[in-house]
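> Provide a 3D model corresponding to the input given below.
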Amino acid sequence: MRPKVPLWYLLVVIAIGFLFLFVTEITLVLGMLILPFSLYYLVSLKHKSAYHFWLTFISFLLPVFFFMSPFSWISLVLMYALAYVLEFTLRSKYTQEYTIFIATAVMTIIVIGGLNLLQVFNVIPPLGQIWASLVSWYNEQMELTGMSSLVDVEMINTSLQVFYMNLQGQITIYSMIIVTVSVLILRWLLGQNDEIKLWPAKSFKDWAFPRPIMYLFFVFFLISFFMSPSRDDVFYGIVSNIVFVLEWLLFVHGLAFVYFVLREKKVHVAISILLLIPLIVLRPITMLIGLFEMVFRIRMWIIMKRK
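Sure, this is the predicted structure:
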C-alpha cells in the first residue's frame, strides 16, 4: 500500500522545483542558492514515498522539455539525481563526508555529460566556439573602452585560455562547493525532522584525504612538465584538469590541518576561523601545507604524542 502524501505537500514540491528551474534560467548563482531548499522538499518526499517522488518528476518533464531551455533539462535531472543520492545516503547511514564525495561525483558527471550531449545533438554550439566568441567580445570591449593600452591583453587571454582548458576541473570544484553548502543547509533543515536520522559527521579539523592523493599529484605534476599545450591539446587538457582538482584537494587538506593544529593548541573556534581566512586567500601556500603534511604525516605524530 502506497503511503499517503498530502496534495498541498506535492504542490509545494513542484512550486519550489519550478522556482529553482526558472531562477537558474535567469542567473545560475541565485539558482544554486535555492537548490538546497528544493532538495530538502524532494529528499523529504522521497523518504515518505518513492512513488510520489517519481510522480512529481514526471509532472516536470513535459513543461520543462517544451517550454524551457536545454539547460533547464540538465537542472531538472541534476535536482532529482542529487535528491535521490542524498536520500539514499541518509537511508544507508553513510557519513557526511562520503555523501559529499558521491554527490559531487554525480553532479560533475551530470553537468559535464549533459553539456557534451547537448553539443553532440547540436542543441548548443561547441563550447570552444562559445568560449571563443566570449573572448572575442571581451577583447572588443577592451579596445572600445581604451583599457587594452593599460593592461596586458595577451596575459589576460592566456589566463582565459588556461581557465577554459581547466573547465572540467572548474566544474568539479564548483560542484564540490555547491554540494557541501547544500548538504550543510540540508542538515540544518532536516535536523527539525524527527523521522530522518542525519549523516554521521566529522568536525572540519578531522578532515583528511588519503595519502594516494599526494602520489597522484606528484605523478601528474611531473607528466605535465613533459607536455606542450599546443602539441598535446587533448591529453594536456586531461592532465591539467586532474592536477587542478588534486591541487584543490590538497588545499582543503592543508586548511583542515591548520584548523586541527589551532584546535589542538586550544585556540578559540572564532579566532581559529579568523586565522584561516588569510590561508583561504593564499591558496598556493595552503596547498603546500597540505602537501607537506601528507609527506611527513604531521597530524599522525601530533595524535600519537597526545596519547
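
> any idea how far stretch 158-172 is from the chain center?
Mean C-alpha position of stretch 158-172 versus that of the full chain (CA atoms, centre = their mean, to the nearest Å) differs by 15 Å.

> same check, this time on stretch 157-171
Centroid separation between stretch 157-171 and its chain, computed with CA atoms, centre = their mean, is 16 Å.

> CA-only coordinates of that stretch in PDB, if you can.
As requested, the backbone C-alpha atoms of stretch 157-171 are provided in PDB (Å, rounded to 0.1, in the frame of the first residue of the first chain):
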ATOM      1  CA  ASN A 157      43.900  36.000 -23.000                       C
ATOM      2  CA  THR A 158      46.400  33.300 -21.800                       C
ATOM      3  CA  SER A 159      44.700  33.200 -18.400                       C
ATOM      4  CA  LEU A 160      41.300  32.800 -20.100                       C
ATOM      5  CA  GLN A 161      42.700  30.000 -22.300                       C
ATOM      6  CA  VAL A 162      44.000  28.200 -19.200                       C
ATOM      7  CA  PHE A 163      40.600  28.700 -17.500                       C
ATOM      8  CA  TYR A 164      38.900  27.100 -20.500                       C
ATOM      9  CA  MET A 165      41.300  24.200 -20.600                       C
ATOM     10  CA  ASN A 166      40.600  23.500 -16.900                       C
ATOM     11  CA  LEU A 167      36.800  23.800 -17.400                       C
ATOM     12  CA  GLN A 168      36.100  20.200 -16.300                       C
ATOM     13  CA  GLY A 169      38.200  20.700 -13.200                       C
ATOM     14  CA  GLN A 170      36.500  24.000 -12.500                       C
ATOM     15  CA  ILE A 171      33.100  22.300 -12.800                       C
END
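
> Now do that stretch: everything it contacts.
Outside of stretch 157-171, the residues that reach it under the criterion CB atoms under 8 Å, 6 or more residues apart in numbering are 108, 111-112, 127-128, 131, 135, 138-139, 229, 236-237, 240-242, 244-245, 248. All C-beta atoms are positioned from the backbone trio N, CA, C, and that covers glycine.

> Apply the buried test to these and list what passes.
Of the members of the contacts of stretch 157-171, the ones counted as buried by neighbours, 16 or more other CB atoms under 10 Å, are 108, 111, 236-237, 240-242, 244-245, 248.
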